[in-house]
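>>> Here you go, sequence then predicted model.
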Amino acid sequence: MVVPRRGPMLVDGPVEVELEDGTVASSDRFRVALCTCRLSERYPWCDTSHRRRR
């Protein structure tokens, strides 16, 4: 699996993601976009914040 530097990583769901603080984020969607740039306000889910220029 290749993880992109910018933009989302698409994963077939349902998905559970354990965050650094130990909490678990879950989604029952058939496909989710995981944020790899950490710019998302909905982290770990991608909200396309990577498209905005700084």
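Alright, I've got the coordinates. Because the structure is predicted, anything quoted here is derived from the model rather than measured.
>>> Would you map the helices across this protein?
Using DSSP state H, the chain contains no helices.
>>> okay, and the helix or strand of it with the least pLDDT?
None of the helices or strands of the chain scores lower by mean pLDDT, DSSP states H and E than strand 8-12, at a mean of 90.
>>> For this protein, just list every one of the strands.
For the chain, the strands defined by DSSP state E occupy 8-12, 15-18, 24-27, 31-35.
>>> Tell me which other helices or strands the second one touches.
Okay, so that is strand 15-18. Under the contact definition 3 or more C-beta pairs under 8 Å, 6 or more residues apart in numbering; DSSP states H and E, strand 15-18 sits against strand 24-27, strand 31-35. Bear in mind the C-beta positions are built from the backbone N, C-alpha and C, glycine included.
>>> Name the nearest residue to the spatially most central residue of the chain, sequence neighbours excluded.
The centre of the chain sits closest to residue 34, judged by C-alpha atoms, centre = their mean, with a distance of 1.8 Å. Distances taken as C-beta to C-beta, 6 or more residues apart in numbering put residue 9 closest to residue 34, at 4.7 Å, once the chain neighbours are dropped.
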